[in-house]
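Peer 1: next comes the sequence, and after it the predicted model I'd like to discuss.
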Amino acid sequence: MAEIRSLRDAVAGLIHDGDTVAMEGFTHLIPFAAAHEIIRQGITDLTLVRMTPDVIYDQLIGMGAARRLVFSWGGNPGVGSLHRFRDAVENGWPRPLELDEHSHAGMANRYVAGASRLPFAVLRGYRGSDLPKRSSTISTVTCPFTGEELAAVAAVNPDVTVIHAQRADRAGNVQLWGLVGVQKEAALAADRVLVTVEEIVDELEPMPDAVVLPSWTVSAVAHVPNGAHPSYAAGYTVRDNEFYQAWDPISRDRETFLAWMREHVLEAS
Amino acid sequence: MSDTTNATPAAAPDGAARDWTPDELMTVNAARALHGSRTCFVGIGLPSAAANLARRTSQPDLVLIYESGTLGSKPTRLPLSIGDGELADTADAVVSVPEIFNYWLQAGRIDVGFLGAAQVDRYANINTTVIDRGPDRPEGRLPGAGGAPEIAASCGKVLMVLRHSRRNFVERLDFVTTVGHGSGPGDRARLGLLGQGPVAVITDLGVLRPDPETAELVLTEIHPGVTVEQVTEATGWKLRVAGSVGVTEPPTQAELAALRALKSGGEPRA
């Protein structure tokens, strides 16, 4: 059953040095506040898994929290590069970053296999691409029925998945809607699950197309209004596109980045 | 990839300023290339501008599909990301990311994939992963594959839109992220790629299309005010030129008004 905990306690209790951590949210419902708490607590040597590293992992990578990144598209959507990600990969700053790189279809199916507790997933993918040459988690399998050769991708089973969601009830049942991305698959693939929510309510009112994660699939829920900013939670907040654009000059320079992180993350709480 | 609008108006050979920019020419022609398509899997940036313009001009029924899981988005202004709230709020249906890739894209339900690229070669293969900067320097890092490998594999056909330069149109890709026509005719079938692959590459200088015999990109059209020499100069391989190169129709006032309204976030002024 999910415990309702403070963000600080939940992060300290669930996420440890060296863990494989997926902080998901496909543009929507990205758990930024939880990432900032990880940075404040100095948790490090993480393997970070996310389809789109986005600004959230740019921040974690730039602060030296990650040793490895598993991903499928590493840009600032609609803006340009993720400069801290690039600096880590190209120059090893502030530390080298190993990569396991996929396509979106491959990553999505790795989560599906993880949630299904299967060793791998099958798709028509990567045909002719150089991507399999650089990854040990992409292979092929022959269909036993038709003989067709298909791509096989290894399951992802994070130690911890962290997501943001719109709301939970007091028993810790979680409800999210809108662009649900891979939130459900990432949560069900993990050993431990932390969900930050906009609101904790007495009773979850049904919403169209909502995903519900029953309390017994979640380790902890933390009440963090606006905890996805600059991402967003449909029905509560809107995506702060101006921040995503502002991140480009902030993150381009190491010192400007560190100063920003000190002021807005390390010295905030 | 940055989507900064090139603000310099195209100059005609006689030096007269025209009422549009090279980027507008590119986007208008990219939108026109969607003519006759019903469903389009839309990449962010230039492809999104083109697909939205098509829906706002000649193709009002065009179904826009974004990898964030939206089917039939009808945004009134250009989204910055593939996951802006308006894409979901205006969609016919919103599905999960595994579902959009497995049930919709992989299943072959989508007519056209619309992609941008960092590097393209003569067979319209795409690199969006790394740039080789020489033996003494580390590889330059690009964002990576995203949805492109499977979009190019599984959509009925593929359109590409990118700015024309020797940096982007290269003799040899540093990395093959996404297969267009591989190493030539028959490669797509051999690899088991279901769709017909790239059918046009629209740039700020003109339009390239694969030769039906060799699958190599050939310059078939130039934009008004552009010369064939400009295009061959901006291409990193010896670009083949069609026997008779067409000139694209200039943008209409309606197209320009709709595009500018999308970029500024409102209804086009009449």
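Peer 2: Thanks, I have it.
Peer 1: ends of stretch B:145-160, what's the gap?
Peer 2: 15 Å (C-alpha to C-alpha, to the nearest Å).
Peer 1: neighbours of A:T140, just the number please.
Peer 2: 12 (other C-beta atoms under 10 Å in any protein chain shown). C-betas here are computed from N, CA, C, even on glycine.
Peer 1: same check, this time on the one 3 residues further on
Peer 2: Number of residues near A:C143 (other C-beta under 10 Å) recorded here: 10.
Peer 1: list the contacts of the closest residue to it other than its chain neighbours.
Peer 2: Among residues not flanking A:C143 along the chain, A:L150 sits closest, at 6.0 Å (C-beta to C-beta, 6 or more residues apart in numbering or on different chains). Applying C-beta atoms under 8 Å, 6 or more residues apart in numbering or on different chains, one finds that A:L150 lies in contact with A:V122, A:L123, A:R124, A:T140, A:V141, A:T142, A:C143.
Peer 1: hang on, A:L150 in a strand?
Peer 2: Yes - A:L150: assigned to a strand according to DSSP: H, G, I helix; E, B strand; the rest coil.
Peer 1: could you pull up phi and psi at B:L173?
Peer 2: Backbone torsions for B:L173, taken as degrees, to the nearest 10, come to phi -70, psi 140.
Peer 1: so what's it up against?
Peer 2: Counting by C-beta under 8 Å, 6+ apart, B:L173 makes contact with B:Q119, B:V120, B:D121, B:N125, B:I126, B:N127.
Peer 1: among the contacts of A:L150, name the ones in strands.
Peer 2: Counting by DSSP state E, the contacts of A:L150 place A:V122, A:L123, A:T140, A:V141, A:T142 in strands.
Peer 1: for the second one, report the pLDDT, please.
Peer 2: The predicted structure scores A:L123 at 98 on the pLDDT scale.
Peer 1: who are the contact partners of it?
Peer 2: A:L123 makes contact with A:A105, A:G106, A:N109, A:L150, A:A151, A:V153, B:F101, B:N102, B:Q106, B:E150, according to C-beta under 8 Å, 6+ apart.
Peer 1: which elements pack onto the helix or strand containing the first one?
Peer 2: If I follow you right, that is A:A105. Per DSSP states H and E, A:A105 falls inside helix A:104-116. Counting contacts by 3 or more C-beta pairs under 8 Å, 6 or more residues apart in numbering or on different chains; DSSP states H and E, helix A:104-116 is packed against strand A:120-123, strand A:149-154, helix A:183-189, helix B:97-99, helix B:148-154.
Peer 1: find the residue closest to residue 223 in space, skipping its chain neighbours.
Peer 2: I'll assume chain A. A:I200 (5.1 Å).
Peer 1: should've been chain B
Peer 2: Spatial nearest neighbour of B:H223, chain neighbours left out: B:L25 (4.7 Å); criterion: C-beta to C-beta, 6+ apart.
Peer 1: which residues touch the helix or strand hosting the one you found?
Peer 2: Counting by DSSP H and E, the element that carries B:L25 is helix B:22-32. Contacts to helix B:22-32, defined as C-beta under 8 Å, 6+ apart, come from residues B:5-6, B:8, B:10, B:20, B:46-47, B:49-51, B:53-54, B:57-59, B:114, B:159, B:161, B:163, B:202-205, B:207, B:223-224, B:248, B:251, B:255-256, B:259.
Peer 1: can you show me the strands along the stretch 51-200 of chain A?
Peer 2: Secondary structure of the stretch 51-200 of chain A (DSSP state E, counting those that start in this stretch): strands at A:66-71, A:75-76, A:80-81, A:98-101, A:120-123, A:138-142, A:149-154, A:160-169, A:174-176, A:192-201.
Peer 1: meant to ask about the stretch 1-150 of chain B
Peer 2: Under DSSP E, counting those that start in this stretch, the stretch 1-150 of chain B gives strands at B:39-42, B:63-66, B:70-71, B:93-94, B:112-115, B:119-120, B:126-127, B:130-131, B:140-141.
Peer 1: which residue does chain A have closest to chain B?
Peer 2: A:T27 (2.3 Å; C-beta to the nearest C-beta).
Peer 1: tell me the pLDDT at that residue?
Peer 2: Confidence at A:T27, expressed as pLDDT, is 96.
Peer 1: check B:A16 too.
Peer 2: 42.
Peer 1: what do you get for B:K263?
Peer 2: Listed pLDDT for B:K263 reads 88.
Peer 1: how near is it to B:P212?
Peer 2: As judged by C-beta to C-beta, to the nearest Å, B:K263 and B:P212 stand 36 Å apart.
Peer 1: and for A:A88?
Peer 2: Applying C-beta to C-beta to A:A88 and B:P212 gives a distance of 45 Å.
Peer 1: looking at these two, which is more packed in?
Peer 2: Between A:A88 and B:P212, counting by other C-beta under 10 Å, A:A88 is the more crowded of the two (24 against 8).
Peer 1: I figured the more buried one hits A:L82, correct?
Peer 2: No - here A:A88 lies out of contact with A:L82, judged by C-beta atoms under 8 Å, at a distance of 9.5 Å.
Peer 1: residues shared between the contacts of the two?
Peer 2: With contacts defined as C-beta under 8 Å, 6+ apart, no residue is shared by A:A88 and A:L82.
Peer 1: which residue packs closest to whatever residue of the stretch 51-200 of chain B ends up closest to chain A, ignoring adjacent ones?
Peer 2: In the stretch 51-200 of chain B, the residue that lies nearest chain A is B:G83 (2.3 Å; C-beta to the nearest C-beta). Spatial nearest neighbour of B:G83, excluding adjacent residues (C-beta to C-beta, 6+ apart): A:T27 at 2.3 Å.
Peer 1: the one you found is in what secondary structure piece?
Peer 2: Under DSSP H and E, no helix or strand contains A:T27.
Peer 1: what distance do you get for it to A:A66?
Peer 2: Taking C-beta to C-beta, one finds A:T27 at 20 Å from A:A66.
Peer 1: show me where chain B has helices.
Peer 2: B:22-32, B:46-56, B:85-89, B:97-99, B:148-154, B:187-191, B:228-233, B:253-264 (DSSP state H).
Peer 1: let's have those in TSV, adding mean neighbour count and distance to B:T76.
Peer 2: Below are those laid out as TSV (neighbours: other C-beta atoms under 10 Å in any protein chain shown; distance: least, C-beta to C-beta, whole Å):
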stretch	mean neighbour count	distance to B:T76
helix B:22-32	25	16
helix B:46-56	26	9
helix B:85-89	20	7
helix B:97-99	23	24
helix B:148-154	28	25
helix B:187-191	15	37
helix B:228-233	15	35
helix B:253-264	18	8
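Peer 1: mind putting those into CSV with distance to A:A171?
Peer 2: What follows is the helices of chain B, written out as CSV (distance: least, C-beta to C-beta, whole Å):
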stretch, distance to A:A171
helix B:22-32, 51
helix B:46-56, 41
helix B:85-89, 28
helix B:97-99, 28
helix B:148-154, 39
helix B:187-191, 51
helix B:228-233, 65
helix B:253-264, 45
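Peer 1: next up, phi/psi of B:G45, please.
Peer 2: Geometry field for B:G45 lists phi and psi as phi 90, psi -130, criterion degrees, to the nearest 10.
Peer 1: quick revisit: mind checking pLDDT for the residue of the stretch 51-200 of chain B closest to chain A?
Peer 2: Confidence at B:G83, expressed as pLDDT, is 86.
Peer 1: hang on, isn't it packed against A:L179?
Peer 2: Yes - the criterion here is C-beta under 8 Å, and B:G83 meets it with A:L179 at 5.4 Å.
Peer 1: ok, the two, which is more surrounded?
Peer 2: B:G83 (31 against 28).
Peer 1: so who does that one touch?
Peer 2: If you count contacts by C-beta under 8 Å, 6+ apart, B:G83 has them with A:F26, A:T27, A:H28, A:P77, A:L179, A:G181, A:R239, B:Y66, B:S68.
Peer 1: got the contact list for A:A151?
Peer 2: Counted by C-beta under 8 Å, 6+ apart, A:A151 has contacts A:G106, A:V122, A:L123, A:R124, A:G125, A:Y126, A:R127, A:P132, A:I138, A:S139, A:T140, A:V141.
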